[in-house]
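Undergrad: no sequence on hand, only this structure:
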């Protein structure tokens, strides 16, 4: 269940020196190498949150939908053609 930041897919564009661990996506409809976990999308890409805790609060308030369905899993693997609202 662990994923070191160094071995995370390069298209996630995570900083090498910003920590030791990377979020590992949950089992789901997309492969690990072809997806982007919601936590990476909300924290690193969209800058909606600064910390893990803030992402958890956003997701648990049921504000995030993937393909029109509410997702409360921060590590849900969003794929290439998925619509995130």
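TA: That came through, no problem. Note that this is a predicted model, so its numbers are computed, not measured. Numbering: from 1, shown residues only.

Undergrad: from here on, contacts and neighbour counts on C-alpha atoms
TA: Will do.

Undergrad: ok, now which residue in this structure is the farthest from the centroid?
TA: Residue farthest from the centre of the chain, counting by CA atoms, centre = their mean, is residue 17 at 18.5 Å.

Undergrad: measure stretch 47-64 end to end?
TA: Start-to-end span of stretch 47-64 (CA to CA, to the nearest Å) is 14 Å.

Undergrad: just stretch 43-59 next, same as before
TA: Taking CA to CA, stretch 43-59 runs 12 Å from one end to the other.

Undergrad: check the offset of it from the chain's centre.
TA: A distance of 9 Å separates the centroid of the chain from that of stretch 43-59, by CA atoms, centre = their mean, to the nearest Å.

Undergrad: give me the buried positions along it.
TA: Across stretch 43-59, burial judged by 16 or more other CA atoms under 10 Å covers 43-44, 49, 55, 58-59.

Undergrad: among the residues you listed, which ones are in helices?
TA: If you go by DSSP state H, those have 55, 58-59 in helices.

Undergrad: on that earlier part again, need the buried residues of stretch 43-59 in TSV with pLDDT and distance to residue 1, can you?
TA: Formatted as TSV, those follow (pLDDT from 0 to 100; distance: CA to CA, whole Å):
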residue	pLDDT	distance to residue 1
43	94	20
44	93	21
49	96	23
55	96	19
58	96	23
59	96	20
